[in-house]
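K.L.:
Pasting the sequence and the predicted model now:
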Amino acid sequence: MKILVLCTGNACRSQIAHGFLKQNPNFEVYSAGVETHGVNPRAIQVMKEIGIDISDHTSNNLTEYQEIDFDVVITVCDNAKERCPVFPSKAEKVHQNFPDPGKATGTEEEILAEFRKVRSLIKDFSEKLAETHK
C-alpha cells in the first residue's frame, strides 16, 4: 500500500508520521510538504529516543510525487489539507490536524516536551491507521 503523508513544510509532523508508518512492512511510505523546510533536528531526536531513526529522511515537495498512484494521502495539518492539490487517483484522503511542534517556544526541555507530546499523538494515529488499512 502506497501512502503519502503531507504537511506544510515536511519538517516535523509528516516526518514523524512517516517514521511510524514505515515500520509497517505492508506500507510504502512517502512524505512531502507543500513547501520544504528541511527535517527538524528535534523531530529526529525525539524519534531516536524511541528507537526509530529518521535521520536519513529528506524534506520533499509534493510535486516530486505527482506521478505515483497513492492508495492513501494523509494530511497532518490543516494548512496542507487546504493547499493540497487534487491527486488524479483513487487515493483515499485521510486528515488529522496535529499541533506544530516546530512552533513551540520556551526552554529546550519545554520545546522537546511539545515534540514528545505531538510524537505520542501521531503514534496513536499511525497505529489506528495501520489497524484499519491492513
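P.N.:
Great, that's in hand.
K.L.:
From now on I want contacts and neighbour counts done on CA atoms only, so please keep to that.
P.N.:
Fine.
K.L.:
can you map out the helices along this protein?
P.N.:
Along the chain, counting by DSSP state H, helices occupy 13-21, 41-48, 78-83, 108-132.
K.L.:
which residues touch Gly77?
P.N.:
Quick fix: residue 77 reads Cys, not Gly. Cys77 makes contact with 6-8, 95-99, according to C-alpha atoms under 8 Å, 6 or more residues apart in numbering.
K.L.:
again, only this time at 10 Å
P.N.:
By C-alpha atoms under 10 Å, 6 or more residues apart in numbering, Cys77 lies in contact with 6-8, 13-14, 95-100.
K.L.:
Glu49: which of those residues is nearest?
P.N.:
Lowest distance from Glu49 to these (C-alpha to C-alpha) belongs to Arg13, with 16.1 Å.
K.L.:
so the closest one sits right up against Val76, yeah?
P.N.:
Yes: using C-alpha atoms under 10 Å, Arg13 is in contact with Val76, at 6.6 Å.
K.L.:
ok, these two, which is more surrounded?
P.N.:
A count of neighbours by other C-alpha atoms under 10 Å puts Arg13 above the other of Arg13 and Val76, at 31 against 23.
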